[in-house]
Structure formats: structure tokens, C-alpha cells
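Novice: Have a look; sequence and predicted model below, questions after that.
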Amino acid sequence: MAAHNSDLYLKKAFDSVISQSLDFEKNIQIIVVNDGSTDNTEEMCLKYRVRYPQNIKYISTKDCFGPAHARNQGLKEAQGKYINFLDSDDYISHNTFKDVYNFFEKHYSEIDVVSIPIYYFGSQKGNHPLNFKFKKTEVVDLLKQPEFIQLSGPSSFFKAEAIENIKFNDKLQTAEDAFFVNQVLLNKLKLGLVKSGSYFYRKFEAKNSLLDYSSKTKEYYISRIKQFHFKLIECSKRDYGEVLKFIQYVLMYDLQWLFKIKKIDHILSYDEIYELYINLIFILQNIDDDVIYNQKNIQNQLKTHIFFLKYLGNDYLANCDCKYRKQVYNDILDKLSLNQVFIDIFEIQNNVIYVSGFITTFFNKKDKVFAFVNDKIFETKELKYPQRDRFSLNFEYAYNNDFELFIPITSKNLKIQFKTDVNDFKDLEIKFNRPCRLSNTSKYSLSKNHIAKVKGSVITVKPKNWVRILKNEISTIYTMLHETNQGWRTGVIFRIVYFILYPFLSSRRIWIFMDLPYLADDNGINLFKYAVGINDGIEKVFVLNKDNFAFDEVSQIGKTIEYGSIKHRIYALFAEKVISSHPDNGLVYPFWGNYPFLSGLVKFRLVFLQHGITKDNISMWLNKADKNISLIVTASKLELQSFFKYPYNYHKDVPQLLGFPRYDALEKKEDYKEIVIMPSWRRHFHHSTKEKILKSNYFKIYNTLINDSRLIDFCREHGYKLIFKPHPNVYRFIELFETNDYVTIDSTSNSYNNIFTHASLVITDYSSIAFDFAYLKKPVIYYHYAQDYHFDIEESYFDYKTMGFGEVVDNHEELIDLIMEYIENECEMKNQYIKRVDDFFEFSDKNNCKRVYEAIKKMDYE
């Protein structure tokens, strides 16, 4: 067991082995190798060794050499008949060792390796993609079933005698276990599968950090190719004169993750990228076409790129025309069914159909989409979504031609088809992206007066009536029952419940308000408070986690239901509007995991109240194709204009200048005499370990600031409190910050409005909370100690130095001096910044809720 900084997880790993149904003290040896840990890993290991001195051997290395080196060290001490390489943050099910032992004993002469299924736990739950092979406990002949590959070392068990002369390749940072496993499998070409065993693989920030870090290093691309792929090809050819099919499957399975990486020019030089491609072409030419076709986790568009690399090589990379290209292209097009159009949005409003989508082409950026409506041609309008450009390892391999069009409903029966000006105007098969209100699973969609149905390459739109609804619903349920795609049971149940409740709920005007499932402290709750006071026949409900401390309080304001509950999901199917300060699909659709089964029933239009001023280009996240928001609330003319400057692709009536509802509740009191430090989050820390956070400039800067004796003494002398209120994502690392007897580190759910109302001065970096604070004409200081923000501030319309509501400082001492200056002047905002506040914000009349509510009511709905 290789262990590096695993003190939090070792207990579960140790206990899972010690408690095996196969007697631990009589049959099992644990060799744990502490690979240069800096936490309490050693203490934990020694604690267990004291309890089981005959069974546990402890080895420690001063430096971290990686899992390959650690496992090789452990192998030298191994005494067992069978060997496993359990990772120190994972665990194994109770009967696994006994079941594997019995299986090995029964099939000893046939196999060298036994594998068990992998199940994710932690931040992600579910099956490993390769679990499909565990249909039963058996010995698999890899020549007959080459797709039954094994790459994981920890979920494998090995005969000790079979690996006496095989070591882990310590030149590999990742995939060292995949290479090891398949070297062993090449001996007997058979793999044992024990279905009853379970390997539980922890998915969380620390687990992903090695892969995340490795993919940002040159070695990931250079060593991985040469030390894993090349050597595996070499081993197979040496032993069998060819690259065996199961080895091809191993290579292609591993390569898919490489091909999915978009940009690498910040890691590799031009020459290194070129060499990488030459090596990839060589590997692909050792992989049969059917192996590439059969990959389950690669989009067909990316498979096309892979085939072009394999067959066209350098000519393809150089974008040179060659006589084979058209033939290869047509063959691939047919085999991969690439004659498709993908629809992002299909909706009917005021007797007009709006469609937005794209086609993917490979050689011509100008290929155009046409709609044929009852055989009449409609030209589409071109859209640009650069955030959806298709890159693989720095190579733009395909072009998304995005489009939109409006189709007036001028006939009772409409037949809509899509074609392109390539491939002889063949009909394009229609596919749907989420959150489109049509899907290939839920094959029809209801609007107020119409029913739209999809079949193959045709969408039909007809007047809605109960005969058509029931006919289509029976057909949809029948398909779900027979296809049994993941989630079908939930989909069928909710569809049945929907139609049972339809007579009672379909005519009710339901508006759902929300902030976050765990939060009621933003624009959502503030608008809800206003809305419940208006008696207009609309049923207003707020959704919130029931265990939230504010649930009872919100229930006193108006109807409140538990977020994610069955009632919430039913209401979401019948809702007319969902009004939220957060527009993420996984939040506003409480049935997002089952969305394709329910998409045609959903009718609500989404209102995004925002949770802060939009000052950066966030079109990568907030674009129309992905969110399809019907109303976006803004608070500044500059903010409003930014939605048309960047490729969001919303129509002009969607972003509106109305003011934030929460601003109506802001009051300027300053009665607490508080200096609040509120830095924003850094997305590149999302999968970081505590060790990485401790070493980061971000941590060091703010830890130094909140422990600065000069600042603390000055604040104490003048009666000002110091509050450190980091972003909620920092809360899990909060214990890393050094504490003192003066600064309060606030990781509670203290209301932001409460902070804005009572505090005197805010220090932030790039957080949009500065806008709320400045709105009250309270001073702000921007601490830009480094250019480490995840948004490109150079692209932002908001220039901190010329438009910001306070000084921008970049060093610690200057910041301390400036804070002290503000304190000496009783934290009054300076005149030049007051003018900037007045220039930036459109409204200060406390009528934002009224404007927003009226704008929502004006939204047309069908």
C-alpha cells in the first residue's frame, strides 16, 4: 500500500483489510510504504503496526518518489502467495479477499491476474466505465473478448510467482499500473473476473490532484507515450509478432483521455507538439479500425479526427488536400452516422417556433444549414459560440456551424427537416442537447397550443389535443420500458404522476423562487418577499433545503417546499417560471439527472436574477445554448451592454436593466466598526489538496494579512474589528489559517446583507461583493497581489483602476497603510469613488423588486 499524505483516509483502508472475512492475522500481510508524507500518515501507520506487528510492515522514504517506486519497495518485502496494491485512500469490500483467494485456487494454472469491479465513492458515486465486463464470475480469454481490458492495478490481484521479474515503471507518473497489469496479462492472455468483489475508489479533490497536476507537465505527454504506449506495443510484438487486439483496446482506452485535452501549447513547445502527433500517428496505425469504432466514451466527432490522423497523417495535420481524403471522409461519415444536426433549443412562443442548434463539419467552415418546412426552404442565421470550438491537443479538428431561425406557424401541420449544402442535401438526423425541451428519449414536447414530435430526421408540429397527447405518451412510455436507459424507472414514474396530476395543476400559475439549495440570502429571497405581498392569482413558492436553518423563517414569509423533494420536482414540471439567483441547469431542474425522460413536459421559462454584477466575460458558462434564459436582470448600463459585446447570443429583450432585488434591502449603518476581508475563490484550486493550498501564494498572502501585528494593533487602538470572510469554497480549508486573539475567521452562514449593512470597509480582490458594498457608498480596497484570477480581467469591460470604487494595491505594506488611512478618516468613501458609484449604478430608489416583478409578468408565455 503506497501512502502519501493519506492520514485522513488510512483508517478506512486499513480497517477494510483487517476486517476481511478471510482471517487477517492468519492469512494477510500489509506492507505500507510512506512515500514522503508531510502529514500524520506515519503516526497512523505506526499505530496500526503496534496492534498487528506480525501482519503489518512499515517502510518510509524521506522524499516522495511516486507510487511506482513505493510499490516496488513494497514488493521486495512481500511474502504472500497473492498480491494486491490497494491505494491508501480507497477500501475493499468485506468478502473480497476470500472470494478472490478461492477463485485463484480453483483456476490457479489458468490465470495470473484477477480483477474486481470498481465503484466510485466520495464526491462522485457510480460505476467505473470498465465494469461492464463483470457480468459473471469467470475466466476470460482475452483473445476472444479483447474488449474486457484491465488497467487498474489496485483493483487487480496477482500471483506472486507471476510478477517476480516484473516491476512498476518509475519513469511513469500515471498509468504505471496499467503498464504493469498488461505486462503480466501478456503471459497467459487470460483474466479472472470476480463479480462479488468490490473495490471502492475515492473520488474527491485530493484523488484528482495527481492526474490534474500530471496533465499539466511535459512528462504526461512525452513519458506516457514512450514509457507506456510504445513499450506495450514493443512487448506485444516481441512476444507474439503483432499488437494483440486486447492491447489495442488498452492503448485506445488510454489515448481517449489524451485526445480529450484541448490545449497544450502552454505545456509543450511547437516542436514537442509535432513530435507528439508523429508518435500518436504511429500508435494509431497499430490499432485496428473496429477498436476505435467500439470506444464507448469518445464522441463520434472526435473519433473522426482520430481516423483522419491514422489515415491521412502529416497531410491532415498540414491541412493539405490529398486524393484519399474524400473517400476516407465519406466512409467515416457513414460508419459514424455523422449526418446529424444537434438542436440546443426548440420552443414555441406566440405561434412562432424558435430553433437553435449546430452541425459539425471537418473541412469547410462555411457549410450552411437549411430548414425545410413543408418543403419550403428557410435560411438560418449564423451564430458564434467560440466556447464550443473543437480542439484536441491544440489542433482544431472540426467546426461547429451554429445557427438559429424563426418559423411562423402558418399551417395546422408543419413538417420540419434540416439539410446542409454538403453531402447532396441529405436529410440530417436530429439529435438534442440538454436543456432542449425535446429529446430523443422523450420524443414529443407540449406547449400551450401545440404538440411537437420528433422521429428520425423530421419534427412535426400540430395542434394539441388529448388524442395526440395520449397516443404520443403511450409510445414514449413503451420506448422507455424497452430501451431501459439509465434513469428510465424514475422517468416513467414521474410521467405517470404528471398525467395523474395534470387536471389539478396544469391551469395553476406556479412561480418557483430560489437562491441556492442551502441558501436564502440573495436576490431570490428578496424578490420572493416582495412577490408574496401581491395578490395576482400566481402561486409563489420558495425552494430550500429543509435542514437549512432559515427554512422555518422563510416558511413564515410564504409557501416553502424542500429543494429536490418529490413535490419540488412535480412543481417544476408544471411551473410557469423559475426565478433564481443561480441559473445552473443542475440546480433549476431538480430532475436534471433524468432530464431526457421529462424534457417534453417542462414548460417553465427561466429568470436569472444574478448573484452579483457581471463584470467579466462569462459567456463560456452563461450562453444561450446552454442555459436558454428568458430574462437576465442587470443593474448597470455597462453590465447590460456587456451581454451584447461577448458571445452570449441572447436576444435584445433578455438582458434588462432593472436593478438587483437585494439592493432594496441594503441599509447603511456602519454601527459595528468592522473591517471585512473578503477574497474571491480561484477555480484552479477546485481539486487541490490541503498541502497544495498551504503552498499557494493565495493562502500565504491572506494568512499573512490576517496575522499582521501592525494592522491588528492599529485596529485594536481605534476600536475596529477585523473579520476574515473568505469564499464558501475556502471553508473546507479554513483550519489551515493561523488564528489570533483579535481577528475573527467567519466560516458561518452569516448573511452577506448583514455584513454589507454593518461593516465599515471591505478588502477584496476580484469579488463582485465590492459592488454591493460600494452601492452603499462604503469604501472598498482591491488587493491585486498577483494576476492569478480565473477570468481574463484584460477582457473585462470593468477596469479596476479607472472604474473601481476604491484603490487598487498590489503589495502588503501599501495595503496596510491604506487601511490605516481609511480608519483614521472614519472609513468614509472618497469623493472620486462616490462619483464612480453614481455613474455605474442605474438605480438607487429601492424599487428594484417592483421593476423586476413587473418585467417578469410582461414575459409572454405559451
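Specialist: Received the coordinates, thanks.
Novice: Next SSE downstream of the host helix or strand of Lys98?
Specialist: Taking DSSP states H and E as the criterion, Lys98 maps to helix 96-106. Going down the chain from helix 96-106, the next helix or strand is strand 113-115, by DSSP H and E.
Novice: partners of that following strand in the sheet?
Specialist: strand 156-159 (antiparallel), strand 190-193 (parallel) (DSSP bridges).
Novice: Ok, which of these comes nearest Ser680?
Specialist: Distance to Ser680, taken as C-beta to C-beta, is lowest for strand 156-159 among those, at 43.3 Å. (Glycine included, C-beta is placed from N, CA and C.)
Novice: Residues contacting stretch 731-749, please?
Specialist: Residues from elsewhere that reach stretch 731-749 (C-beta atoms under 8 Å, 6 or more residues apart in numbering): 519, 521, 549, 690, 693-694, 699, 702-703, 706-707, 712, 715-716, 721-726, 730.
Novice: picking that back up, turn the strands paired with strand 113-115 into JSON lines, columns for mean neighbour count.
Specialist: Conversion of the strands paired with strand 113-115 to JSON lines gives the following (neighbours: other C-beta atoms under 10 Å):
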{"stretch": "strand 156-159", "mean neighbour count": "23"}
{"stretch": "strand 190-193", "mean neighbour count": "22"}
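Novice: can you put those in a markdown table and add distance to Val181 and mean pLDDT?
Specialist: Formatted as a markdown table, those follow (distance: least, C-beta to C-beta, whole Å; pLDDT from 0 to 100):
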| stretch | distance to Val181 | mean pLDDT |
| --- | --- | --- |
| strand 156-159 | 6 | 96 |
| strand 190-193 | 9 | 97 |
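Novice: before we move on, back to that, so which of the contacts of stretch 731-749 sit within strands?
Specialist: 721-724 (DSSP state E).
Novice: Looking at those, which is nearest Asp375?
Specialist: Phe724 (67.0 Å).
Novice: Could you list everything that closest one pairs with in the sheet?
Specialist: Beta-bridge partners of Phe724, as defined by DSSP bridges: Ile677, Ile745.
Novice: I would like the residues contacting the helix holding Lys98, please.
Specialist: So helix 96-106 is contacted by 17, 20-22, 27-28, 82, 111, 114, 116, 137, 157, 159, 192, 194, 196-199 (C-beta under 8 Å, 6+ apart).
Novice: From those, keep the buried residues only.
Specialist: 17, 20, 22, 28, 82, 111, 114, 116, 157, 159, 192, 194, 197-199 (16 or more other C-beta atoms under 10 Å).
Novice: quick one on the thing from earlier: can I get the strands paired with strand 113-115 in TSV including distance to Asn465?
Specialist: Shown next, in TSV, are the strands paired with strand 113-115 (distance: least, C-beta to C-beta, whole Å):
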stretch	distance to Asn465
strand 156-159	59
strand 190-193	53
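Novice: okay but Asn286 is in contact with Val243, surely?
Specialist: Yes - with contact defined as C-beta atoms under 8 Å, Asn286 reaches Val243; the gap is 4.7 Å.
Novice: which neighbours do those two share?
Specialist: 233, 251.
Novice: Which one's more surrounded, those two?
Specialist: Val243 (22 against 18; other C-beta atoms under 10 Å).
Novice: What does the pLDDT read for the residue lying farthest from the centre of the chain?
Specialist: No residue in the chain sits farther from the centre than Glu717, which is 47.2 Å out by C-alpha atoms, centre = their mean. Per-residue pLDDT puts Glu717 at 95.
Novice: re earlier: closest to His266 among the buried ones among the contacts of helix 96-106?
Specialist: For these, the nearest to His266 is Tyr199 (35.0 Å; C-beta to C-beta).
Novice: and the gap between the residue nearest to that closest one when sequence neighbours are not counted and Leu191?
Specialist: In space, not counting the residues next to it along the chain, Tyr199 is nearest to Ser155; the distance is 3.9 Å by C-beta to C-beta, 6 or more residues apart in numbering. Ser155 sits 12 Å away from Leu191, going by C-beta to C-beta, to the nearest Å.
Novice: shared neighbours of those two, which are they?
Specialist: By C-beta under 8 Å, 6+ apart, the residues touching both Ser155 and Leu191 are Ser115.
Novice: For Tyr672, report the pLDDT, please.
Specialist: pLDDT recorded at Tyr672 is 79.
Novice: For it, give me its contacts.
Specialist: Going by C-beta under 8 Å, 6+ apart, the list of residues near Tyr672 reads 721, 758-760.
Novice: Stretch 183-190: how far from the chain's middle?
Specialist: 37 Å (C-alpha atoms, centre = their mean, to the nearest Å).
Novice: Show me which residues of that stretch are buried.
Specialist: 183-186, 188-190.
Novice: Please indicate which of the contacts of stretch 731-749 are buried?
Specialist: Applying 16+ other C-beta under 10 Å to the contacts of stretch 731-749 flags 519, 521, 690, 693, 699, 702, 706-707, 712, 715, 721-726, 730 as buried.
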